[in-house]
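In: how would this look folded up:
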Amino acid sequence: GAPDDGPRNPAWDPDAPAGETDVGGADPAPEQADVPKSDEGVAPPDPGAPGTDADPADAHDAPGETPCLPSCEDNECGEDGCGDLCGWCEWGKICVANRCVQVCVPACEGKLCGEDGCGGECQPGCADNEFCGMDFTCVLKGCTPSCAGRACGSDGCGDTCGDCPADLFCTPEGACVGDTSCHDVTATGRCVGTELQWCDVSSGEGVLKKEICDPASGRLCGWDALAKKYACVVPERCEPQCEGRECGPDGCTGDCGACAEGLVCSSIGKCGEACGVVTDAGLCAGSDLVFCHKGILLTYDCAAAGKECKLDPVADRFDCL
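Out: Have a look, this model is predicted:
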């Protein structure tokens, strides 16, 4: 019979005929069985039994299951529908609609308005009464270009009347000439429309030179304060100053907001009632001190501060005293 001093080993049956046990041999003692034991007296689980982890490779062959087929036809990147990717985009590109596209960097250096090259607009942009000129600066609407009798130079409205050939120079009168003498042009230079001109004295004799400052590249002909001469420069970008302001101009070409109907904007960008006949000396309306400040009326409740509204004879104005 089975030993009484230990758990029964299910892999050994002492009542089975010799040779038909799982371990075989004359001595059916459990401790001599060739079956490895995960715990004392307990045989390891059958890998194929329910509740055990089967070989992952067999999972795809399980009956009734359909393997996932990646869908990457014509896709350069993005998900394949099976938890993986169809591919990676190289540096400088991003995946958009399963295609690798170049990352667009807005080109707004030196531009105050106009397209940024990525489907947007360069900021701060123009006001409602302005339009963006060819030099990417804002020009008042209604400006009439003046190019009569001019072949080159500025048209007075942010555009040009034309450019001279490479071997000719534009005069301030708008004519293209081949004279390379400096005349009144010095090494400091000058601007004639988009044309930068300067006198080159490196050869000993002054020779007129030029460079076209291309607005499309964000560079305009202007004064370079650092170099102390004219050059193709990037114009300074105006930054609106609206912090703490409710209304009024933003310091560039726009405004910080508008006041509600019946209110006016003070000189420091605050909305309030118009002063009317009230001056900065103020007056008393009961316990309230009313006075004009920066173009709008202000009211203080003197009683709330434990004071009275009265005339200050020293300052010659009303105050809470």
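In: Quick one: classify residue 216 as helix, strand or coil.
Out: helix (DSSP: H, G, I helix; E, B strand; the rest coil).
In: so where's the stretch 201-321 of the chain uncertain?
Out: The stretch 201-321 of the chain contains residues with pLDDT under 70 at 236-238, 252-253.
In: How about residues contacting stretch 220-230?
Out: 110, 135, 137, 187-196, 198, 213, 231-235 (Cβ atoms under 8 Å, 6 or more residues apart in numbering). Bear in mind the C-beta positions are built from the backbone N, C-alpha and C, glycine included.
In: mind listing what's buried in that stretch?
Out: 220, 221, 222, 230 (16 or more other Cβ atoms under 10 Å).
In: of these, closest to residue 130?
Out: Here the nearest of the buried residues of stretch 220-230 to residue 130, counting by Cβ to Cβ, is residue 220; it sits at 16.9 Å.
In: Report the beta-bridge partners for that closest one.
Out: residue 233 (DSSP bridges).
In: What separation is there between it and residue 137?
Out: 8 Å (Cβ to Cβ, to the nearest Å).
In: who's in contact with residue 111?
Out: With the criterion set at Cβ under 8 Å, 6+ apart, residue 111 makes contact with 122, 136, 218.
In: Please enumerate the shared neighbours of residue 220 and residue 137.
Out: Residues touching both residue 220 and residue 137 (Cβ under 8 Å, 6+ apart): residue 235.
In: Tell me if I'm right that residue 250 and residue 240 touch.
Out: Yes - using Cβ atoms under 8 Å, residue 250 is in contact with residue 240, at 3.8 Å.
In: Common neighbours of those two, please.
Out: Joint contacts of residue 250 and residue 240 (Cβ under 8 Å, 6+ apart) are residue 256.
In: residue ranges of the helices in the stretch 51-200 of the chain, please?
Out: Applying DSSP state H, counting those that start in this stretch to the stretch 51-200 of the chain gives helices spanning 56-59.
In: What sits closest to the residue nearest the centre of the chain if chain neighbours are left out?
Out: For the chain, the residue nearest the mean C-alpha position is residue 106 (9.1 Å; Cα atoms, centre = their mean). Residue nearest to residue 106 in three dimensions, not counting chain neighbours: residue 116, with 3.8 Å by Cβ to Cβ, 6 or more residues apart in numbering.
In: and what of residue 176?
Out: Closest to residue 176 by Cβ to Cβ, 6+ apart is residue 164, at 3.8 Å.
In: check contacts around that neighbour.
Out: Counted by Cβ under 8 Å, 6+ apart, residue 164 has contacts 151, 152, 170, 176, 195.
In: correct me, but the last one touches residue 152?
Out: Yes - under the contact definition of Cβ under 8 Å, residue 195 touches residue 152, with a separation of 7.3 Å.
In: Between these two, tell me which one has more neighbours.
Out: Neighbours were counted for residue 195 and for residue 152 using other Cβ atoms under 10 Å; residue 152 has more, 24 against 21.
In: And the more buried one, how far from residue 312?
Out: Computed as Cβ to Cβ, the residue 152 to residue 312 distance reads 67 Å.
In: picking that back up, could the buried residues of stretch 220-230 be laid out in JSON lines, adding distance to residue 261?
Out: Shown next, in JSON lines, are the buried residues of stretch 220-230 (distance: Cβ to Cβ, whole Å):
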{"residue": "220", "distance to residue 261": "42"}
{"residue": "221", "distance to residue 261": "46"}
{"residue": "222", "distance to residue 261": "43"}
{"residue": "230", "distance to residue 261": "49"}
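In: So which of these is the closest to residue 255?
Out: Nearest to residue 255 among the buried residues of stretch 220-230, with distances taken as Cβ to Cβ, is residue 220, at 25.7 Å.
In: do you know how far that closest one is from residue 227?
Out: Taking Cβ to Cβ, one finds residue 220 at 15 Å from residue 227.
In: Over to residue 318?
Out: 57 Å.
In: Repeat that for residue 157.
Out: For residue 157 relative to residue 227 (Cβ to Cβ), the value is 28 Å.
In: Residue 161 now?
Out: For residue 161, the distance to residue 227 - Cβ to Cβ - is 28 Å.
In: Give the burial count for residue 172, as a bare number.
Out: 12.
In: Apologies, that question was intended for residue 243.
Out: When neighbours are counted by other Cβ under 10 Å, residue 243 comes out with 7.
In: and it, what does it touch?
Out: Under the criterion of Cβ under 8 Å, 6+ apart, residue 243 has no neighbours.
In: ok, now residue 235?
Out: 110, 112, 137, 220, 222.
In: Closest one to residue 267 out of those, please.
Out: The closest of these, once distances to residue 267 are taken by Cβ to Cβ, is residue 112, at 26.0 Å.
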